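Visitor: this one's sequence-less:
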Ligand SMILES: Nc1ncnc2c1ncn2[C@@H]1O[C@H](COP(=O)(O)OP(=O)(O)OP(=O)(O)O)[C@@H](O)[C@H]1O
């Protein structure tokens with residue numbers, strides 16, 4: 001760890017968690033500098049929510065230790081809770097009451113005076129574009145509005161660290177972009193954001209650092225660019241309509257990864273004109289015509305799939 005623990009909003013070492021026989025977290029280390037966005041990526045069921053629940057004191061870890069906002073999770077959970085906000089799959093929004101009432105309830109929970117509570121609620125409702133709907137029951141809100149209300153409610157307590165558990169899952173693209181703007185504004189205000197997401201693009205857009213959770217461990221961690229460098233070069237994908245052409249191409253081209261079902265071949269390439277021409281020349285010589293040719297430069301998807309889909313592809317990724 002290069003950053004001193006003082007500068008870290010979240011520091012965890014060796015977190016373990018099992019549900020019965022099932023090991024969910026098998027030694028997780030995390031270091032999240034203050035004022036940054038840290039994204040935890042992982043396939044469904046990888047344990048992202050479990051990490052969020054542990055770090056936000058909702059459930060205890062079986063092993064390991066962590067400090068959040070400088071407070072030890074086990075020794076001082078109250079201080080941790082006072083410093084953080086959590087939104088996500090276990091949303092605090094009550095659908096039966098209005099957005100404004102939800103906000104005022106939060107203000108009460110944080111012991112704000114009536115006047116201060118009203119002021120904070122009005123300010124946040126406006127900031128999150130919810131003023132027009134403030135007097136309507138939250139159950140009538142769209143998915144995006146509910147998420148915005150959830151974050152607005154979290155901000156009533158002015159937390160310095162916010163856990164966002166899959167904040168944009170199920171949102172349409174416009175609402176997703178609004179959420180991204182909100183996250184960026186939070187960080188501008190100096191808030192640390194711990195974000196779990198299934199969307200690689202989201203991590204790429206927002207996160208200063210990304211950790212990929214797989215098999216209960218952090219399979220890789222770094223900036224989006226560092227992670228992309230784990231996957232060398234790009235590839236060309238050739239799809240064939242004719243099985244005979246597919247077979248001819250497969251034997252003519254070297255280093256291909258075939259997929260017999262979809263009649264596609266994948267070849268590593270740097271995407272240069274020279275390499276592409278060489279591939280096309282070889283196809284021509286073999287008399288094989290591809291129905292489709294796509295050139296692919298590495299992105300977070302490649303890293304994610306390489307890291308989370310077994311040893312064969314991992315070896316391929318790091319070769
Ligand atoms: N209370 C529980 N009892 C038993 N098993 C649990 C419990 N909570 C979670 N699990 C299991 O632990 C694993 C990790 O769950 P978790 O919710 O942390 O994953 P996740 O990465 O957040 O996935 P998703 O994206 O689907 O929410 C899953 O296999 C889940 O079924």
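Guide: In hand now; what should we look at? Keep in mind the model is a prediction, meaning the values are calculated, not measured.
Visitor: show me where the stretch 151-300 of the chain has strands.
Guide: Here the stretch 151-300 of the chain has its strands, by DSSP state E, counting those that start in this stretch, at 161-165, 192-197, 209-214, 217-222, 234-239, 257-259, 264-269, 292-296.
Visitor: can you list these in CSV and add distance to residue 54, mean neighbour count and mean pLDDT?
Guide: Bear in mind the C-beta positions are built from the backbone N, C-alpha and C, glycine included. Shown next, in CSV, are the strands of the stretch 151-300 of the chain (distance: least, C-beta to C-beta, whole Å; neighbours: other C-beta atoms under 10 Å; pLDDT from 0 to 100):
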stretch, distance to residue 54, mean neighbour count, mean pLDDT
strand 161-165, 11, 24, 95
strand 192-197, 12, 25, 95
strand 209-214, 13, 24, 93
strand 217-222, 14, 18, 93
strand 234-239, 38, 20, 90
strand 257-259, 38, 14, 92
strand 264-269, 39, 19, 90
strand 292-296, 37, 13, 89
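Visitor: Nearest approach to residue 139 belongs to which of these?
Guide: Of all the strands of the stretch 151-300 of the chain, it is strand 161-165 that lies closest to residue 139, at 21.0 Å by C-beta to C-beta.
Visitor: re the thing from before, now the strands of the stretch 151-300 of the chain in TSV, with distance to residue 138?
Guide: What follows is the strands of the stretch 151-300 of the chain, written out as TSV (distance: least, C-beta to C-beta, whole Å):
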stretch	distance to residue 138
strand 161-165	19
strand 192-197	23
strand 209-214	31
strand 217-222	36
strand 234-239	45
strand 257-259	47
strand 264-269	47
strand 292-296	43
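Visitor: Can I get those strands in CSV including distance to the ligand?
Guide: What follows is the strands of the stretch 151-300 of the chain, written out as CSV (distance: least, C-beta to the nearest ligand atom, whole Å):
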stretch, distance to the ligand
strand 161-165, 7
strand 192-197, 7
strand 209-214, 7
strand 217-222, 13
strand 234-239, 28
strand 257-259, 27
strand 264-269, 28
strand 292-296, 26
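Visitor: if we compare these, which one ends up closest to residue 75?
Guide: Smallest distance to residue 75 across the strands of the stretch 151-300 of the chain (C-beta to C-beta): 17.5 Å, for strand 161-165.
Visitor: what about residue 153, how many neighbours?
Guide: Residue 153 sits with 26 neighbouring residues when counted by other C-beta atoms under 10 Å.
Visitor: check contacts around residue 196.
Guide: Residues in contact with residue 196 (C-beta atoms under 8 Å, 6 or more residues apart in numbering) are 39, 40, 41, 42, 48, 49, 51, 52, 88, 164, 165, 166.
Visitor: Flag the shaky bits of the stretch 1-150 of the chain, pLDDT-wise.
Guide: Residue ranges of the stretch 1-150 of the chain with pLDDT under 70: 1-6, 89-90.
Visitor: just to revisit the earlier point, wait, which of the strands of the stretch 151-300 of the chain is closest to residue 148?
Guide: Nearest to residue 148 among those is strand 161-165 (12.0 Å), distances taken as C-beta to C-beta.
Visitor: and the closest one with strand 192-197, angle?
Guide: Here the directions of strand 161-165 and strand 192-197 differ by 10 degrees (axes from the mean of the first three to the mean of the last three C-alpha atoms, to 10 degrees).
Visitor: out of the contacts of residue 196, which are inside strands?
Guide: Residues of the contacts of residue 196 located in strands (DSSP state E): 39, 40, 41, 164, 165.
Visitor: which one of the residues you listed is nearest residue 17?
Guide: Checking the ones in strands among the contacts of residue 196 against residue 17 with C-beta to C-beta, the nearest one is residue 40 at 14.0 Å.
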